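Asks: Sequence first, then the predicted structure, then my questions.
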Protein chains: 2
Amino acid sequence: EIEMMKERFSKLLLGEDMSGSGKGVCTALAISNALTNLAASVFGELWRLEPLSHERKLLWQREMNWILSVCDHIVEFVPSFHSVTDGTSLEVMISRPRSDLHINLPALRKLDAMLLEALDSYKETDFWYVDQGVSVDISSKNQQQKSVATKREEDKWWLPVPKIPTGGLSEKSRKALQNQRDCTNQILKAAMAINEQVLSEMQVPDVYWDSLPKSARANLGDTIYYGLRQEHFSPDALLSSLDLSTEHSALEVANRIQSALHIWRKKESSGSHKEGKSKSNGSSRYSWLKVRDLVAECGDKRQLLIERADSLLLCLRQRFPGLPQTVLDVNKIQYNKDVGQAILESYSRVLESLAYSILSRIDDVLYIADMTKRNQDSSGSQLGSKTNAA
Amino acid sequence: EIEMMKERFSKLLLGEDMSGSGKGVCTALAISNALTNLAASVFGELWRLEPLSHERKLLWQREMNWILSVCDHIVEFVPSFHSVTDGTSLEVMISRPRSDLHINLPALRKLDAMLLEALDSYKETDFWYVDQGVSVDISSKNQQQKSVATKREEDKWWLPVPKIPTGGLSEKSRKALQNQRDCTNQILKAAMAINEQVLSEMQVPDVYWDSLPKSARANLGDTIYYGLRQEHFSPDALLSSLDLSTEHSALEVANRIQSALHIWRKKESSGSHKEGKSKSNGSSRYSWLKVRDLVAECGDKRQLLIERADSLLLCLRQRFPGLPQTVLDVNKIQYNKDVGQAILESYSRVLESLAYSILSRIDDVLYIADMTKRNQDSSGSQLGSKTNAA
C-alpha cells in the first residue's frame, strides 16, 4: 500500500509530466484529473444496479483517502482571543481548516457513503440483466421486452437490458426502487448544488474573458435576445421556442447565455466604475446628470436582462440535469490553481455523475416494469373484452 | 507512518502554501526546500564526531525514501528495436529512467550511506568533547588546550571542544582518523562534482539574464579584468592579488567572475548568430570580410577570456570549498522547474555540506592532537635542554 501511495503522490507531484521537467499541469488540475480518472475507472458508466465489487470499493476508498488527505493541510488563519492568566485577553491568529472545505467536504463524504450504500442494497433483487446481443433470440417474450427497452435506450446499445419476472415487480421491490430513486435524486441535487457553488466561486480565467465576443446580443441570437426583452418573460416559454432537441444544441444555448451574462456583468461593473469616476468630476454638472440618467437607464435594463438570463440558464440546467460542462466551466476547471476548490469541484462532479447514473438505471428498471404491467393489463383487458364478447 | 507520509506529500503538493490557493512554489522548489530542511533538522551543523541517533537516522532514511520515490516515476522515452516472430524488427518507443537520474541517484545514495557509516564508526573513540563554557575553569591543562582550540574556532564559540588523552592520540586512532579524512574528502569531491554538474545543466533563468550589467569589464573591476588579459596568466597569482580575506569577499569575486562569464558567453552566441546572418547577405563582400576579421579577432580574444575566467573560478572554488552559493546558483535553484534536477541538486548539496562538516570535525581533532604532541615534544626537549644545562 505504501508503494502504491508513493506512486500516486509522485505522479501528482510530477503533474502528469513523466519527464520530470516540470512542464506538467499544476497541482490543482493534477488532483482534479486524478479524481476524475479514478471515478471513471471505479464506476465506469455504471451499467447495472449491483453492489460495487470489493476490489473497486477498496480502490475507491483508498485512493480517495489519499487525495482528500491533502485537504487536511489546507488551513486559514483567523484571529482568536486568548485569555492569559491575569485576566486580560490577547488577540492571536490561529489556524483552522478552510471554511469552504470544512463545510463541504464532510457533506461530500456523506453523499459518497450514501451512494455506495445504495449500490450495496442491490445485492438481491427482483430483476436481473441480460446483454442486448444475447437476449435477441431467446424468446418472443424477451423480444417484446427488448423492443421496449430498445426504444428507451436506442442509442445505448451497449447497456445490458434489465429483466423482470413475468408477473412484474413485487409491490415491495417496486416501492423500494421508488424510495431509492427519491433518495438518489436528493443526493444528486445536493452534489449539483455544491458543484455549482464551487464553480461559481472559482475565478473566471483570463482566457475566457479574452474569448468573449464584443456584443452579447449578436452572440445570443435574435430569438433569445428578444425573448429576454419581452414584457412578459417566461423562461419555460422561451426555452420551448428554442431548438433543444439534442444535448449538443442545449449546451450551445447554455454557452451563449453564459457568455452574454458575463459580457453584461463586465459592462455592469465597468459602468458603475465609470459612474464613480464621473461623480468626482463636478465641472459640467448638467451634462453629467444627463449621462447619469442614461447610464442608470441602461444599467436598469441590463440588470433586468442579467436576472432573466440567469433564470433562463437555471431553467435550462434543470431541464437537462446531465448537461455536459459549459465552456466557462471547462475553462475554470482547466485554469484553476486552488487545490481546495479543485478537490471540491471534482469530488462533487463525480458524485453528481454517479448519482445520475444510478438514477438512470433505476428509471430503466421502473420503465420496463411499467411497460410489462401495462402490457399485462391491456392483454388482461383484451382477454376480458374477448370473454365479454363471447 | 502512512499518516506522516500523507502529510509530507500533501505539503509538497500544496507547494508550501497552506491556504491551498495554489500560490505556493512549484514542485521542484518545494522538493528542494523539503530536502534541504530535512537535512538541516537531521544533521544540523554536526557538532561532534559521533553516530547519528537512531531516531534521526530513521527520520532521514524514511523521509528521503519518500522524496526520492518521485524519481522512480520520472522516465524518458527512447527508441528500441523489438523483434517480432517473423524475424523482422520493429522500432518501438520504450520508457526508461531518465539518464541523469539513472546515473547520479545511485551514486548519491552510495555517498549518503558511506557518510552515515563514517559517523557510525565514531562509537568508541580516543577523544571526547567538552562544551567550551564548561571547560574554562577545570584545569590549567584544559585551559591550555582550550586556548589552542579557541585560536582555531575563534568565531565558532558554540562548538564543543574535542579533548584527547594526556598522552595524545594512539597511533592507531590517529591513522584511522587520517584514513577517514581522506575517504570523506573523496566523498566531498564526488558530491561537489555532481552538484556542479547538475547546476551547470540547469537553465539560466531570465531573472539572471535581466540582472546582468551591460559591461563585463566594469563589473569585474580593473584588477581582475587586466589580470585576465595579461600575457602570462596564472589563476593562482591573480587570486593572490585579490582581497579574499573573508568568505563574503570571496563570494563577491565569484559572483563577478560568473556574471562576466555569462555576459561574454551571451555575446559569443549572439556574435556567432550575427556572423551566420551576415554570411547569407553577400552584397558587400569586402566590408563583410573586414567585419568578419574584426569579429573573429574579438571572438578569439573573448574565447580566451572565457577560458581564463573559467579556470579562475575553478581555482577560487577549490580554495574555498565551503563557499556559499553564488547569485547564479541561487537563481537557478529558485527558478528551476525540473523535479529531477531539483532532487539531484539538493541531495548532492546536503551531502556535500555533511561531508564538509565531518571533514572539519576530523580536522578539529587532528589539530588538537598535533598541538598536544608539539607541546609535549617541546616541553620534552625543554626538559632535555634543561637537563643538559644542569
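Replies: Alright, I've got the coordinates.

Asks: Going by C-alpha atoms from here, please, whenever you check contacts or count neighbours.
Replies: Will do.

Asks: Could you list the buried residues of stretch A:164-172?
Replies: By neighbour count with 16 or more other CA atoms under 10 Å in any protein chain shown, stretch A:164-172 contains the buried residues A:164, A:168, A:169.

Asks: Can you give me the end-to-end span of that stretch?
Replies: For stretch A:164-172, the separation between the terminal residues is 14 Å (CA to CA, to the nearest Å).

Asks: before we move on, what about stretch A:118-131?
Replies: The first residue of stretch A:118-131 is 23 Å away from its last residue (CA to CA).

Asks: Give me the contact list for it.
Replies: A:48-52, A:158-165, A:169-170, A:173, A:180, A:365 (CA atoms under 8 Å, 6 or more residues apart in numbering or on different chains).

Asks: thinking again about what came up before, and which of the buried residues of stretch A:164-172 is nearest to chain B?
Replies: residue A:164 (47.0 Å; CA to the nearest CA).

Asks: How about the residues of the stretch 51-200 of chain A by chain B?
Replies: Residues of the stretch 51-200 of chain A lying close to chain B by CA under 8 Å from any CA of the partner chain are A:66, A:69, A:70, A:71, A:73, A:74, A:75, A:76, A:98.

Asks: so the third one sits in a strand?
Replies: No - counting by DSSP: H, G, I helix; E, B strand; the rest coil, residue A:70 falls outside a strand, being helix.

Asks: I figured it hits residue B:5, correct?
Replies: No - using CA atoms under 8 Å, residue A:70 makes no contact with residue B:5, being 11.1 Å away.

Asks: Pick out whichever of those two has more residues nearby.
Replies: Between residue A:70 and residue B:5, counting by other CA atoms under 10 Å in any protein chain shown, residue A:70 is the more crowded of the two (24 against 19).

Asks: nearest spatial neighbour of the more buried one, skipping sequence neighbours?
Replies: Nearest-residue entry for residue A:70: residue B:10, 4.6 Å, with adjacent residues in sequence omitted and distances by CA to CA, 6 or more residues apart in numbering or on different chains.

Asks: now residue A:43
Replies: residue A:354 is the one closest to residue A:43 (CA to CA, 6+ apart), at 7.4 Å.

Asks: can you pull the contacts of that neighbour?
Replies: Contacts of residue A:354 (CA under 8 Å, 6+ apart): A:43, A:46, A:115.

Asks: my guess is the last one meets residue A:186, correct?
Replies: To tie it back to what came earlier, the one meant is residue A:115. No - if you go by CA under 8 Å, residue A:115 and residue A:186 don't touch, sitting 10.9 Å apart.

Asks: These two: who's more crowded?
Replies: residue A:115 (20 against 14).

Asks: what about the closest residue to chain B within the stretch 251-390 of chain A, neighbour count?
Replies: Closest to chain B within the stretch 251-390 of chain A is residue A:338: 4.0 Å, counting by CA to the nearest CA. For residue A:338, the tally of surrounding residues (other CA under 10 Å) stands at 21.

Asks: Need the pLDDT of the residue nearest to it when sequence neighbours are not counted.
Replies: Closest residue to residue A:338 apart from its sequence neighbours, by CA to CA, 6+ apart: residue B:21 at 4.0 Å. pLDDT for residue B:21: 85.

Asks: and the helix or strand harbouring residue A:182, what does it pack onto?
Replies: For residue A:182, the host element (DSSP states H and E) is helix A:171-201. In terms of contacts (3 or more CA pairs under 8 Å, 6 or more residues apart in numbering or on different chains; DSSP states H and E), helix A:171-201 is packed against helix A:99-120, helix A:339-389.

Asks: The same query, at a cut-off of 6 Å, please.
Replies: The contact analysis (3 or more CA pairs under 6 Å, 6 or more residues apart in numbering or on different chains; DSSP states H and E) places helix A:171-201 against helix A:339-389.

Asks: Dump the buried residues of stretch A:164-172 into CSV; add secondary structure, distance to residue A:342 and pLDDT as well.
Replies: Shown next, in CSV, are those (DSSP: H, G, I helix; E, B strand; the rest coil; distance: CA to CA, whole Å; pLDDT from 0 to 100):
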residue, secondary structure, distance to residue A:342, pLDDT
A:164, coil, 42, 84
A:168, coil, 45, 80
A:169, coil, 43, 83
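
Asks: quick one: residue A:345 and residue A:196 touch, right?
Replies: No - with contact defined as CA atoms under 6 Å, residue A:345 does not count as touching residue A:196 (8.3 Å).

Asks: When those two are compared, which one has more neighbours?
Replies: A side-by-side neighbour count of residue A:345 and residue A:196, using other CA under 10 Å, places residue A:345 first with 22 against 16.

Asks: Check the gap between that one and residue A:198 for me.
Replies: Counting by CA to CA, the gap from residue A:345 to residue A:198 is 6 Å.
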